[in-house]
Structures are given as C-alpha cells and as structure tokens.
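1. Kindly generate the corresponding structure for this input.
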Amino acid sequence: MNNFFYHNPVLLEKSICELITDPNGIYVDVTFGGGGHSNEVLCRLSKKGKLFAFDQDVDSKKNLIDDRRFFFINSNFKHLKKYLNHYEVYKVNGIIADFGVSSHQLDIPSRGFSIIKDGPLDMRMNKASDLTAESVVNNYEQKKLYKILKEYGQVSNAKEIVKKIVSHRNTKPIKSTIDLVKVVENTISKFSKYKILAKIFQSIRIEVNNELEVIQELLLQASELIKVKGRIVCISYHSLEDRLIKNFIRNGSFDNLDNRDFFGNVQKPFKKIGGLIVPDANEIKKNKRARSAKMRIAEKIWNIFYLF
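-> From the prediction side, this is the model:
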C-alpha cells in the first residue's frame, strides 16, 4: 500500500469500525484525498471485499493504492451512481465521506484556499472546473456576494465587507488570497480577524465548488445504493454541512421538516446509529484540523415507509 499521505485522517478508527459491517462487501470512499480512510478500509476487508474511491482533485492520484480490491475514480462524488453502474455495481455495503477542504489543499499556496499563504484566488477542488474564487470575488453582483457571505459563512458584517470588495475591484481586480485579506481586514475586529477571514474564504469556497448541493446529491444517491443494514458515515466541518446530514438522516429531507407520504407516514431511508461523535482532546492535539469535525452514522433500514 502507498505510504504517501497528505493529511491525517480524522476519526479514523471510529469511522471505519462503524462503516464495515461485512468484510466481504463493497464499500465506497467518496473523498479519497490522501488515502487514509481507504487504506484502513482495505486493511479490514477480506480478499473478496472491494473498495471504490472517488476524488475530483487530480493531486489525489499521487496516493493511489496498489491493491486488486481497490478501484479509483477521478471524479466528483455527485457522479457516484453513474460510475458505480459502469463497474456493474448497483448496491454497496457502505459509504464514507470526509467533507471539506484537505490539509494538502490548505498547505499548497497555489490552490488558493489559505488565508495566511499568498496564492492565486482559486479554491477549486477540481482544477479543471471553470469557476474560480477570483471570478466570484471580481464578477459577482453585490447582492449575490452578500448572499454568499451571509448564507454560507454566516458573516455578521457581510454588507460592509461586500461594499469594500466591490469598491476596491472597481479600481483594481482582486487577484490573490492576500489581496482579498488586505481589502477586507479593515472591516474586521482584530480580536476575531482570523475567524471572520476563515468564514469569508469558506463562503467563497462553497460557492466555487457547489459544495452543499453535491452533498445533497450524494445523500440521495446513497439512499438508493446502500444495501439494507449497510451504513453511511459522514464527517463534516461546519454547521451547514452537518445540518444537511442530520436532517436527512432524521427526516429524509434537507430541511427540518419530516418527509411524509400521502398517508402521513414519515418517509426516510436511514436510521441514526448512536449520537454525534467528535474527536477527543488527544486527537485534536495531534491534528488541529480535527477540532471542528463532527461525525454522524446512519444505517439503511428495511422499510423506508413507517409511522413516525
């Protein structure tokens, strides 16, 4: 197996322990990244087991695993069902998803995700995508920029920040990550500077990569693909992601309302397994990225139509 990892997998032991229900089964890691979770899955599978891994970032191909049971798809996980069907896989035993930006992407300035390292305003998880952070910052209308910062980052002074961005770009385009930081930093209290900057960058990143919509698409496809008593394990890093996952597991919908059929029966494909899981102090000390992680586990149920 490949020893090249570009991040420490969060909640590794707990996530894979909960994921594997049948060592002979078929599993999917939809966020391959450095291969940490995938390697652990393969360690726990029998010779008959199979693992399919998805990642849209071409850099992840550096970490491919030399194992006959391993199949890699260099694509966004929103195409999960299509590619699995190509391999004549129509049902799987489990899916693991570790959402958000990887440590590798944050650490490479040229990817444009970092608030402290100068690089082009990019933020694309898929380098072949057309939309970049530079395009969002310099071309989006003021109202749309405000909506992005308010909804995706919950930035309290979004209106003031957006006015500053628009005023500056009218005279000179904002080209780099540090350019953007310098433009907005005077609107931010020095006591919360990095927290607010992180929210601004998060908002733009979510827009560039259409992150919330693809998570919804994944959950819907997972409800069709996972076998009864199979599991989905989701690790998220901010409240917007976690809310989508929690609501879908609990209600079968992405809002806080039950998904009911004509007769009033709750219609949902999963039941939760245990409660919310977060890293302990020891893991956070070893891996700072883990501090905001939240993990939820759900199991496919026999009958998705039942009385609430």
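2. Check the gap between the residue positioned nearest the centre of the chain and Leu212 for me.
-> In the chain, the C-alpha nearest the mean C-alpha coordinate belongs to Phe99, at 2.1 Å (Cα atoms, centre = their mean). To Leu212, Phe99 is 10 Å away according to Cβ to Cβ, to the nearest Å. Every residue, glycine included, has its C-beta placed from N, CA and C.
3. Now for the two: what residues contact both?
-> Glu241 (Cβ atoms under 8 Å, 6 or more residues apart in numbering).
4. what's the longest helix in the protein?
-> helix 193-209 (DSSP state H).
5. What is it packed up against?
-> helix 133-139, helix 142-153, helix 177-184 (3 or more Cβ pairs under 8 Å, 6 or more residues apart in numbering; DSSP states H and E).
6. shaky segments in this protein?
-> 1-7, 258, 261-264, 302-308 (pLDDT under 70).
7. can you list the domains in it?
-> 12-103+211-306, 111-209 (automatic domain parsing).
8. name the helices or strands packed onto the longest strand along the chain?
-> Taking DSSP state E as the criterion, the chain has its longest strand at strand 226-236. Contacts defined by 3+ Cβ pairs under 8 Å, 6+ apart place strand 226-236 against helix 12-19, strand 92-98, helix 239-251, strand 294-300.
9. For the second one, give me every contacting residue.
-> Strand 92-98 has contacts (Cβ under 8 Å, 6+ apart) with 9-10, 15-16, 19-22, 25-31, 33, 37, 41, 52, 77, 84, 215, 218, 222, 225-227, 230-235.
10. of these, buried ones?
-> With burial judged by 16 or more other Cβ atoms under 10 Å, the buried subset of those is 9-10, 15-16, 19-20, 22, 25-31, 33, 37, 41, 52, 77, 84, 215, 218, 222, 225-227, 230-235.
11. who's in contact with the closest residue to Arg169 other than its chain neighbours?
-> What sits nearest to Arg169 in space, not counting adjacent residues and going by Cβ to Cβ, 6 or more residues apart in numbering, is Asn138, at 5.1 Å. By Cβ under 8 Å, 6+ apart, the contact list for Asn138 reads 169, 173-174.
12. Now tabulate those residues in TSV and tack on distance to Met295 and secondary structure.
-> Output for those, formatted as TSV (distance: Cβ to Cβ, whole Å; DSSP: H, G, I helix; E, B strand; the rest coil):
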residue	distance to Met295	secondary structure
Arg169	39	helix
Pro173	40	coil
Ile174	36	coil
